[in-house]
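**Q** Predicted structure and sequence below. I'll ask about it afterward.
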Amino acid sequence: MAKEAKKDPQELTVEQKLKTLYQLQTTLSKIDEIKTLRGELPLEVQDLEDEIAGLSTRIERIKSEVAELKTSIAGKKVEIEAAKASVAKYKDQQENVRNNREYDFLSKEIEFQTLEIELCEKRIREFTAQEQERSEEVAKSTAALEEREKDLEVKKNELDEIVSETKQEEERLREKSKDLETKIEPRLLQSFKRIRKNSRNGLGIVYVQRDACGGCFNKIPPQRQLDIRSRKKVIVCEYCGRIMIDPELAGVTLEHKEEVKEKPTRSRRKAAEAE
């Protein structure tokens, strides 16, 4: 038996369009439920990954600073040894001077080198304090990094578990939604997506509930309700802009409350009798 040719969306009746559109809404709502099930986990994982990258960069930068400080300390120690050797040399030379002028010159050189040694020692103390401070920062940042990496592993495992449980269902729903979209004329589909995007609950099409819009719950005039039930044209809510259909077309059975008739009062009974 030959397979029935697929109908052009333009050839569908308004009723068929509305029914297909509601099926698409139901499918997309189920996909939204899956996303809700994942909750904030994807964002939390991303935030942790960004934080870990930031901490890693910070640790590498501080380690580089510590290495530079160690190099500076080693350089100052070399300068101290050189200054000490100069002091010793100048002192030896003082013992063999021929006049006071040479002695004074050597004394000034010894004084200068002694000041250089003191300055280098001061710089070493400063660099050592900075190195200790940076090393403590590295230790704290490393501890924070290890903690964040553990948190990330937990969050990723939670996310992977949820994704593995819902992946097949989500893929099936996405395929179904793509198939349904091909059955809806582009202009109507575009309007539906725009309405859905602007809705807090993601509903672009709703059914009438107790004479009111199922999206914003504003009352619908009787004539408009008749237009909705006739399924001859696409009707949108004048308050929230959502497309509306009757519950029967949506496949929903609503519970109707029995109307309680008001008992006539004595004054009304007398008025009725008088008539």
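**A** On my side now, so go ahead. Residues are numbered from 1 along each chain as shown.
**Q** CA only for contacts and neighbour counts going forward, please
**A** OK.
**Q** Name the residues that touch stretch 137-146?
**A** 52, 55-56, 58-59, 62-63 (Cα atoms under 8 Å, 6 or more residues apart in numbering).
**Q** so how many other residues sit close to Val78?
**A** The local packing of Val78 (other Cα atoms under 10 Å) involves 13 other residues.
**Q** Quick check: the gap between Arg38 and Leu188.
**A** Applying Cα to Cα, to the nearest Å, the value for Arg38 to Leu188 is 31 Å.
**Q** More neighbours: these two, which one.
**A** Taking other Cα under 10 Å, Arg38 and Leu188 do not tie; Arg38 has more neighbours (18 against 14).
**Q** For that one, what are phi and psi?
**A** Note on Arg38: backbone dihedrals following degrees, to the nearest 10 are phi -70, psi -30.
**Q** OK, contacts around it?
**A** Contact partners of Arg38, counting by Cα under 8 Å, 6+ apart, are 159, 162-163.
**Q** Of these, grab the buried ones for PyMOL.
**A** Once 16 or more other Cα atoms under 10 Å is used to decide burial, the buried members of the contacts of Arg38 can be selected in PyMOL as follows:
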select buried, resi 159+162+163
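**Q** Helix or strand for the residue nearest to the spatial centre of the chain, just tell me which one.
**A** Centroid-nearest residue in the chain: Leu43, 3.9 Å away (criterion: Cα atoms, centre = their mean). Under the assignment given by DSSP states H and E, the secondary-structure element containing Leu43 is helix 41-94.
**Q** Output the contacting helices and strands for that helix.
**A** Where contact means 3 or more Cα pairs under 8 Å, 6 or more residues apart in numbering; DSSP states H and E, helix 41-94 is packed against helix 100-181.
**Q** between the contacts of Arg38, which is nearest Leu12?
**A** Val163 (36.9 Å; Cα to Cα).
**Q** ok, that closest one - contacts?
**A** Contact analysis of Val163 by Cα under 8 Å, 6+ apart lists Arg38.
**Q** Work out the gap between stretch 17-30 and the centre of the chain.
**A** Centroid separation between stretch 17-30 and its chain, computed with Cα atoms, centre = their mean, to the nearest Å, is 28 Å.
**Q** Which of the contacts of stretch 137-146 sits closest to Lys150?
**A** Closest approach to Lys150 among those (Cα to Cα): Ile52, at 10.6 Å.
**Q** shouldn't that closest one be in contact with Glu149?
**A** Yes: under the criterion of Cα atoms under 8 Å, Ile52 is in contact with Glu149, at a separation of 7.1 Å.
**Q** Who has more neighbours out of these two?
**A** A direct count of neighbours by other Cα under 10 Å for Ile52 and Glu149 places Ile52 higher, at 20 against 16.
**Q** just to revisit the earlier point, specify the angle between the helix holding Leu43 and helix 100-181 in degrees.
**A** Here the directions of helix 41-94 and helix 100-181 differ by 170 degrees (axes from the mean of the first three to the mean of the last three Cα atoms, to 10 degrees).
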